[in-house]
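Participant: give me the fold of what follows.
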Amino acid sequence: MVIFFGFACILMIAVGIAGIAVVFQQTEEQRPKHLLRMAEATGMGFTEDGQTYLSTWQQRTPLFSAGHNADLHNVIYGPYRNIELSAFDYNFQYQEKWFKQTVLAIELKEKNIPRFCLWPMAHLKDSEILDRPEDAMELKIEGLKDKYQLYATSEGTIRQLLNPQAVAYLNAHPNYRIEGNGNYFAIYKLGKCCNPTQINHMMRDAHHLLHTLRLDDPEASFEPIADKDNAAQNVDAASSTQSH
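Facilitator: A predicted model of the protein is given here:
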C-alpha cells in the first residue's frame, strides 16, 4: 500500500511537470501574437526577426557583449510619447546557463554619453557574467552608493546625468540595470522576460527615467565639467585679462 501510494505521488508529480511544460511551450508559441496585439494597441510596430537590431546592438554595452549564442527577436519598435524606443527579447548563453530578458533599447540623438553601467547591488552575484566597460572607473554617487554599482569612463558627465531627481527615481526602481554608450541606452532586468503588460510598465519607467536624466531634452548638454583647479585657473586668467 505504501509502495503504491509512493508510486502514485511520483506519477502525479511527473504529470504536473509535463503539464507545466506543455503550458509553457504553448505560452512561448503564443508570445509573438500577444506582443503584436500590444504593439498595435500602442501604435507601434512589431517584427519577430531581430537580426538587424542584433547587428546594431552587438558589443554596444556589457549586456550585448556577454556570453555567446546571442539571439534577439520579438521586437516592438516605434515612438513612445516623445522618444523612439524598441523592446525585444534578448537571449544569450553563459557557460551552461541561458539568460533570457526583455530589453528596452533607446537610440538617442547627439548626446554622446560616455560608456557607463549602473547595476543593482542586490544582484552582484551575477556581476561576473557582465564585464564593465574598458577603462571605466568605479564611481560613488551620494544617494546611490548603497543600492547601485556604477562604472563610467567619464566622471564629470555621469555626475551631471545623475542629478538629485534622477537619483530619487532610481532609488524608487532599484532593480533595473542601465547601460549606455554614445547615443545608445539600454534598460533591463537580467534573466527577466516580461509579459506584454510588464513591457508597458517598463516603457513607462524608461520614459520617466530618461526625463529625470534629461536625455529626452534636445537642449540638454552633457559636456564634462572642468575640475576645481582648472576652473580656478580660468577665473584667474579672466581677471588678469580684464585688469590689463
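
Participant: contacts for stretch 100-111 next, please.
Facilitator: 53, 57, 63, 83-91, 182-194, 198-199, 202-203, 206, 210, 215, 218, 220, 222 (Cβ atoms under 8 Å, 6 or more residues apart in numbering). Glycine gets a C-beta too; all of them are placed from N, C-alpha and C.

Participant: most centrally placed residue in this structure?
Facilitator: Closest residue to the average C-alpha location of the chain: Ile187 at 1.7 Å, with Cα atoms, centre = their mean.

Participant: what about the nearest residue to Leu85 once chain neighbours are set aside, how many residues close to it?
Facilitator: Closest residue to Leu85 apart from its sequence neighbours, by Cβ to Cβ, 6 or more residues apart in numbering: Ile106 at 4.7 Å. Around Ile106 there are 21 other residues, counting by other Cβ atoms under 10 Å.

Participant: check Asn171 too.
Facilitator: Neighbours of Asn171 using other Cβ under 10 Å come to 13.

Participant: which element is it on?
Facilitator: Element membership for Asn171 (DSSP states H and E) is helix 164-172.

Participant: the residue nearest to the centre of the chain - that's part of a helix, no?
Facilitator: No: Ile187: not assigned to a helix; according to DSSP: H, G, I helix; E, B strand; the rest coil it is strand.

Participant: any stretches of the chain with poor pLDDT?
Facilitator: Residue ranges of the chain with pLDDT under 70: 1-26, 123-127, 223-244.

Participant: now the helices: where do they sit in it?
Facilitator: For the chain, the helices defined by DSSP state H occupy 2-41, 51-57, 155-161, 164-172, 196-213, 228-243.

Participant: could you turn the fourth one into CSV, dropping everything but the C-alphas?
Facilitator: Taking C-alpha atoms only, helix 164-172 is exported to CSV below (Å, rounded to 0.1, in the frame of the first residue of the first chain):
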residue,chain,number,x,y,z
PRO,A,164,19.1,64.6,-7.5
GLN,A,165,15.8,63.9,-9.3
ALA,A,166,17.3,61.0,-11.2
VAL,A,167,18.8,59.6,-8.0
ALA,A,168,15.4,59.7,-6.3
TYR,A,169,13.8,57.9,-9.2
LEU,A,170,16.5,55.2,-9.4
ASN,A,171,16.1,54.6,-5.7
ALA,A,172,12.4,54.0,-6.2
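
Participant: now find how far off-centre it is within its chain.
Facilitator: 16 Å (Cα atoms, centre = their mean, to the nearest Å).

Participant: start the count at 677, not 1, going forward
Facilitator: Happy to do that; since the first residue is 677 now, the last one works out to helix 840-848.

Participant: this completes my enquiry, with thanks.
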